[in-house]
Structures are given as structure tokens and as C-alpha cells.
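Student: structure for the following, please:
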Amino acid sequence: MPANKKAKTETKAAADGADIVLTAPEAPAAPAPEKKPAAKKPAEKKPAAKKPAAKKTPEKKPAAKKPAAKKPAAKKPAAPAAEEIVVEEVVVEEAVPVTEEAAPAEVPASVSEPEDSQRFDSPRRSVAFIGAECYPFIKTGGLGDVMYALPRALVKQNCDVKVILPRYRCIPQEYQDKMIYRGEFYMDLCSDGRRFYVGIMEYVWDGVVYDFIDNEEFFGYGNPYTNLIDDIPRYCFFSKAALAALNYLDWVPDIVHCHDWQAALVPVYLRTLFAGTPVASAKSILTIHNLRFQGVYSYETLRYWTGLPDGLLKSIDVFKEGWDGANMFKAGLAYADRITTVSPTYASEIQTPFYGDGLDAHLRHHNWKLRGIVNGIDCNQWDPAADKLLAEQYAEADAPEKKAANKAALQAELGLEQNPDLMVFGLVSRLTDQKGLDLLNAIVPAVIDGNTQLVVLGTGDSWYENAFRMYEDQFRGRVCSCIMYDEARAHRIYAGSDALLIPSLFEPCGLTQLIAMRFGTVPVVRETGGLRDTVAPYNQFTDEGNGFTFDRYEDGLLLDAINRAKDLYFNNREAWNAMLRRDMEKDVSWDVPAEAYRALYLELKP
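Tutor: Numbering: from 1, shown residues only. Predicted structure coming up:
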């Protein structure tokens, strides 16, 4: 057979559902895969593959973008017997290019080993990141920032990184146009043997390979998160398709690093339906970014869309939630080789009933594999010395003077009273209860005295949006409420504010306080989660610390922290400026967190 052709292969394995029912999910039994002979297909010649539109079902052909070539219809398998689970059925067509040579020359960057990685003597590790969002393709919160910045930091530390994402229709066209077609296949998904098309589009940027899972039926509409009725099927599909794509591309990582409930089924699939396949040799890590969202739905729905046996779905140690529910996050936590959260304090908090959202006992059971690693930020993206969005760029040496110029520009931009002697507090946040907005809402009239201004940027619950609009109307020239999210304005608020308010009820890590410190803006925070781990309270006797904090969730304590910040700002400007410089000198980059993750990878795969 010529080297440039690949035979159609089909891989199936059957597993008795009872054999997969495990009392200890850490070491589940894996059925041996049953090999089947490769099915022969007539050879077909195709022109160089272009980016195709995704298909909804195996019965439909690709859209006209792809060169017209007749393909035999993919055979839909008969529904498996009750005791069988279809592990994988991958149809690889002969003309589909899967080798690196097939990628056209316009790939944006080559995946070469960066110079920084030469200083690491320990073995190189390959890592597949699997998650629902990643800046700049799609971002709704902190997860998108982590999926963007952490892989780039790991590449500099001698890691080979691939990021696997859904190919949402809402990804900007400028990135869609640069994606390269890498292949396609069909995959069994549901309990009745229903199969779906899986396309793979690739984009390479700064040493990181981004592979997008393409399917119009799941990702061809709306935003990443719509409602559970739609989200449960799409992320069941995505989790299984991500592992199938790794097998298809013959790229087997040392570590599969999954993020939040949308990818929580990956560790489960890895050790059950994919047992005996090449990717099964990988170790899995599941990172909790926010435990409040868990992917909980009815048992029957999860049973159909996951294709997993009743024994797992009804196990109280794995999926079972309440009377007839199933919890995707809970199952992923049980099967992952390691669990991480985005701060050490949050790792402790989620093992308590208040913060655990119903999974505190489950996490206490698995606490031997639970770690907390604080996030970082991209210091190139958030760099006041090079930020062209600011009125004046600045560094530590000239920060007090240049921040005053940025404050004046911010006051003019937002229609506030232009007075350099006023203290400006900023709030860049989602307007929800989690962010402590009920505390701030209760004390705004007490905060806005003759010496203080407040700038709010964000969207969220209509109750808070309307409340801050009311305060803007009530305190003209002293309060500005920007009920929107504007990235450029956020940069100017970080630079032009004297202090930033983050009074969160809970905060897994928080990035705003890290950005604020990078810009020399003093954070005022509640001592919870990552806020406690990153903001040291100011001590007036030793002149140490880099912010103002309070512990109990009370509006009076928030007001006290704000007043302590005002007192230092107005009465001891020298100490305030020293704190400002300490904040800017603090290392908030991804270098230290990336080293911690790399050490964890080496622990799992010595």
C-alpha cells in the first residue's frame, strides 16, 4: 500500500456493565478491547483538503467547501446489547491527511522548543489541555484566561502542549480563517449506538497547538453556555471526541489536563470506554475553577448521552446525585488521578459545607489527591509600561505621578468631577451575589463622601445593574456606572483608580486583584479563596502588606476596610506610594504556577 494512503480502521471494544461498577473509582477494571479486521474501501483520490463545514450526522456529506468526492455512506451500527458498551468506532477515510506533512505552509507558527525550555533538565512532558473556552477564541470568564496563559507558560518550561476546544460558530472569523483541516471521523456516543461526525481543525500559535472539535449539531449555534438541556449533550460529545481525536491524530500525551465540569467526563471515559486504546496510558488532572457549576442532570439523560453503564451512573461514589440525578463533575473528581483548584485556600474551603456546594464530603474523601495552585496573569497583556490603551504608560519608578495623569484622563472620559485630590475606587466585576455586591450596595452612600469617587464596570443581575444606575444618578460627578464590559475601559480603570474593590462571598482565585497590583492599584478584598492567598493585609506598625482586607461577610467590615484605605491614602501618602510600588514589584506572572503544575506532571509521570 502506498505510504500516503491510510486504510479505513474501526475499533470496538465490549465491556460488561457489571464489570465496570467499581467501589474504588481510583482503579477501575478495564475490559480488553476486541479487535476487528479493517474494512476495505475503494481507494479515492482527493485534492488538497480545505477547511470543511461541520456535518451534523453521518448520513450527510460535507458542505461544498470541501472538494466534491463521493464517499461510501458511513454504516450506522445496530444498537448494542444491554450488556455492551461501544467504546469507539472511528472511521478514517483513505484520503484524510493525518501526518504533519499534510499541514499547509501557512500554519501561523512552528511548534519548536523555546529557548527558555533549555534550562529545565528534567524530562520533557506532553500535555493535552481540554476545556470549553480559551482567550482569544472564546472567553466568558477566568477559565478562558487560564486556558490561554498557562499552556504558553508551560511551553517555556519544556512542555509540549496541545489545547483542545469546541469549534463554536461564535469564534471570530479571523481565527476561523487560519484553521487548518486535520481530518474527520465518525464516533459512537449514545447508549443506542448513535454516531456523530467529528472534524478536527488546527491552529498553531506561539508554540501551542490548538485543535478544535468540529460538529455543527453541537457547536453551530449560540454561545458556549446556553442551558443544561443543550449543554449536557454537547459536552458529553466534546469530552469523548477530544480523546478520540488524540487517538486519531496519534498524539498520546503524558497528561490530560481537564478544566471544570464541561470536561469532567474525560477522566471517566479515559479509564472506562477508552481503556486499552493508546490514549489510556495518559494520567488525568481535573482543575476546579468554580465548584458552583457541576453539570447535574437526570440519570436517564446522562445514561443516554454518555453511553456509560447503569452501574457507574447509579453509584453514589461516582455519578449519583440525589434521588434520580447524575453529576458529571462528581464523576470526574472520582476518576481523575489528581484534582487541582486555583488556590490553596479554596482547596480547603470546598471541603466544608458552606463552600462545597454539596460535594464537600466527596472532596474530603478524595483530599489525598487535591492540590491548590494559585493562578497568574499574562504580564505582557497586563503591562502598564507598554499598554497603549492608557493615557500615560508607567513603571514602578514613576507610578505615583503617571497614575495621577491616568486618573485625570479617566475622570474626563467618564464625566466625573476632575479633581486630583479625590480618591477613586474601581470595581471591575460581574454584578452578582458571589462578588459581594450586596455588601457594597448597602454602604455606597456612606462611601461616597466629599473625598471619594466610585467607578463600576460590568454586567450581571438586573437588581445590581439598576442599583448602580440609581447611585450614578444620585451622586452625579462622584459615581459612574458602566453597565457593560469593555476591555479597553477596564485597562484604564485599573490604571486610573487608586484602589480596587473585591468584597467577594467566595473567590476560587480571582484575577482582578492580580491585575490591580500589576497596575499599582491597591486591592480592598475579603479574606477568602485566592484573595486571601495573594493579598497580605497592610500592617501600619511594620509598614508591610499590599492591600486592605476583612474576614467576616459583613457590610460594616467592608466599610471599615475602605475607611482604613482612605486614612492611609489621605494621611500618609508616602506609605501609600510605597505599597503601590510593592504591589507592582510582586510576581503575579504564570512562571511560578507553571512550575508547580510541571512538578505535578512529573509526579504523575516520573
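
Student: and the longest strand for this structure?
Tutor: strand 195-205 (DSSP state E).

Student: quick one: mean pLDDT over the helix or strand just after that one.
Tutor: Following strand 195-205 in sequence order, the next helix or strand is strand 208-214 (DSSP states H and E). Strand 208-214 comes out with an average pLDDT of 97.

Student: packing partners for strand 208-214?
Tutor: helix 142-155, strand 159-166, strand 195-205, helix 228-248 (3 or more C-beta pairs under 8 Å, 6 or more residues apart in numbering; DSSP states H and E). Just so you know, the C-beta spots here come from the backbone N, C-alpha and C atoms, and that holds for glycine as well.

Student: alpha carbons of the first one, in CSV - could you do that?
Tutor: Which is helix 142-155. Extracted C-alpha coordinates of helix 142-155, given in CSV (Å, rounded to 0.1, in the frame of the first residue of the first chain):
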residue,chain,number,x,y,z
GLY,A,142,-11.3,33.4,34.2
LEU,A,143,-11.2,29.9,32.7
GLY,A,144,-10.6,31.5,29.2
ASP,A,145,-7.6,33.4,30.6
VAL,A,146,-6.1,30.3,32.3
MET,A,147,-6.5,28.1,29.1
TYR,A,148,-4.7,30.8,27.2
ALA,A,149,-1.8,31.8,29.5
LEU,A,150,-0.9,28.5,31.3
PRO,A,151,-0.1,26.5,28.2
ARG,A,152,2.1,29.3,26.9
ALA,A,153,3.9,29.4,30.2
LEU,A,154,4.4,25.6,30.2
VAL,A,155,5.8,25.7,26.6
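
Student: who's in contact with it?
Tutor: 114, 117, 127, 129, 131-136, 138-139, 161, 163, 165, 206-208, 259-260, 287, 289, 342, 375-378, 508-511, 589-591, 593-594, 597-598 (C-beta atoms under 8 Å, 6 or more residues apart in numbering).

Student: of the residues you listed, buried ones?
Tutor: 117, 127, 129, 131-135, 138-139, 161, 163, 165, 207-208, 259-260, 287, 289, 342, 375-378, 508-511, 589-590, 593-594, 597-598 (16 or more other C-beta atoms under 10 Å).

Student: burial count for the closest residue to Ala399 other than its chain neighbours?
Tutor: Leaving aside its sequence neighbours, Ala399 sits nearest to Gly520 (C-beta to C-beta, 6 or more residues apart in numbering; 4.5 Å). For Gly520, the neighbour count with other C-beta atoms under 10 Å is 27.

Student: against Leu580, how distant is Gly520?
Tutor: With the distance defined as C-beta to C-beta, to the nearest Å, Gly520 ends up 4 Å from Leu580.

Student: before we move on, what about Pro593?
Tutor: 24 Å.

Student: Met484 now?
Tutor: Taking C-beta to C-beta, one finds Met484 at 28 Å from Leu580.

Student: what about those two, which has more around it?
Tutor: Shown here are Met484 and Leu580; by other C-beta under 10 Å, Leu580 has more neighbours (22 against 10).

Student: how far is the strand or helix carrying that one from where the chain is centred?
Tutor: Using DSSP H and E, Leu580 sits within helix 573-585. On the basis of C-alpha atoms, centre = their mean, to the nearest Å, helix 573-585 sits 32 Å off its chain's mean C-alpha point.

Student: list of residues touching it?
Tutor: 384, 395-396, 399-400, 403, 516-523, 538, 540, 543, 545-547, 568-569.

Student: Met201: what's it in contact with?
Tutor: Met201 touches 51, 167, 179-182, 211-212, 214, counting by C-beta under 8 Å, 6+ apart.

Student: just the ones in strands from the buried ones among the contacts of helix 142-155, please.
Tutor: 127, 129, 161, 163, 165, 208, 259, 287.

Student: can I get the residues you listed in CSV with distance to Tyr197?
Tutor: Shown next, in CSV, are these (distance: C-beta to C-beta, whole Å):
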residue, distance to Tyr197
Val127, 27
Phe129, 23
Val161, 27
Val163, 21
Leu165, 17
Val208, 26
His259, 25
Thr287, 29
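
Student: surely Trp382 is in a strand?
Tutor: No - counting by DSSP: H, G, I helix; E, B strand; the rest coil, Trp382 is not part of a strand but coil.

Student: would you quantify the distance from it to Gln294?
Tutor: 31 Å.

Student: likewise for Asp177?
Tutor: 36 Å.

Student: same check on Pro537?
Tutor: With C-beta to C-beta as the criterion, Pro537 and Gln294 are 33 Å apart.

Student: which one's more surrounded, the two?
Tutor: Comparing Pro537 with Gln294 by other C-beta under 10 Å, the one with more neighbours is Gln294, at 21 against 17.

Student: touching both of Gly520 and Leu580, which residues are there?
Tutor: Joint contacts of Gly520 and Leu580 (C-beta under 8 Å, 6+ apart) are 399, 403.

Student: dihedrals phi and psi, Tyr553?
Tutor: phi -80, psi 80 (degrees, to the nearest 10).

Student: same check on Leu291?
Tutor: Per degrees, to the nearest 10, the backbone of Leu291 is at phi -70, psi -10.

Student: next one: Leu437
Tutor: Taking degrees, to the nearest 10 as the convention, Leu437 sits at phi -70, psi -20.

Student: burial count for it?
Tutor: 26.

Student: go on, the one 4 residues further on?
Tutor: Using other C-beta under 10 Å, Asn441 is surrounded by 16 other residues.

Student: and if you look at Val424?
Tutor: Residues near Val424, counting by other C-beta under 10 Å: 25.
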